[in-house]
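S.K.: Next comes the sequence, and after it the predicted model I'd like to discuss.
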Amino acid sequence: MAQKKTPAESSTEAALPADASAWRREIELPSERGASRLIMEELLEQLGLHGWSPSDIFAIHLAAEEAIVNGIVHGNKLDPAKIVRVACVVSPTLARIEVTDEGAGFDPGAVPDCRLEERLEAPGGRGVMLMRTFMTRIEYNARGNRVLMEKQRPPAEG
């Protein structure tokens, strides 16, 4: 599978850590249930190797899984002709995951708050809320088919 960068991905490189020990991975996933496993195990391993705490690893895992599943199911609608691109960077102070699907996109501001009394039983919106809660930064492109998530932590004091 080709692993090319879009102009948007290339333009954000400057914001990434220059740390040579940072792990970087880009992968194209098929639009099928369970495809997140093709990146998730490696991402979780790298978070551990870079010293992230179990609670941070849990949070990043949940957010990344939600973003990937949303791209596959809601964005690409499980269309086998479409892919989901995932780009990850992990360093001791930053975990960055960018997920891009080939769907029509959505308006994240239009997702109703699942914590409202009238929405407590509704199935939608929880993934977006969890992603916002667990990550330091979450940003969507204008079309709504790409999400950039970051979790930052201060450098370890020595």
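M.R.: Structure received.
S.K.: following the lowest-mean-pLDDT helix or strand in the chain, which helix or strand comes up?
M.R.: Lowest by mean pLDDT, DSSP states H and E among the helices and strands of the chain is helix 7-11, with a mean of 37. Downstream of helix 7-11, the first helix or strand assigned by DSSP states H and E is strand 23-30.
S.K.: packing partners for that following strand?
M.R.: helix 37-49, strand 83-90 (3 or more Cβ pairs under 8 Å, 6 or more residues apart in numbering; DSSP states H and E). No exception for glycine: its C-beta is placed from N, CA and C like everyone else's.
S.K.: contacting residues around Arg146?
M.R.: Ala8, Glu98, Val99, Thr100, Asp101, Tyr140 (Cβ atoms under 8 Å, 6 or more residues apart in numbering).
S.K.: Check Ile60 too.
M.R.: Neighbours of Ile60 in contact, by Cβ under 8 Å, 6+ apart: Leu43, Leu47, Trp52, Ala95, Ile97, Phe134, Met135, Lys151.
S.K.: quick one: the first one and Ala64 touch, right?
M.R.: Yes - between Leu43 and Ala64 a contact is recorded at 6.4 Å, counting by Cβ atoms under 8 Å.
S.K.: Looking at the two, which one has more neighbours?
M.R.: The neighbour comparison of Leu43 against Ala64 (other Cβ atoms under 10 Å) goes to Ala64, with 26 against 23.
S.K.: Remind me which helix or strand the more buried one belongs to.
M.R.: helix 54-69.
S.K.: just to revisit the earlier point, residues shared between the contacts of Leu43 and Ala64?
M.R.: Cys88, Ile97.
S.K.: what's the helix or strand for the nearest residue to Asn70 once chain neighbours are set aside?
M.R.: Excluding its sequence neighbours, the residue lying closest to Asn70 (Cβ to Cβ, 6 or more residues apart in numbering) is Gly127, at 5.7 Å. Per DSSP H and E: Gly127 is located in helix 126-134.
S.K.: Could you measure from Arg24 over to Lys77?
M.R.: Relative to Lys77, Arg24 is positioned 29 Å away (Cβ to Cβ, to the nearest Å).
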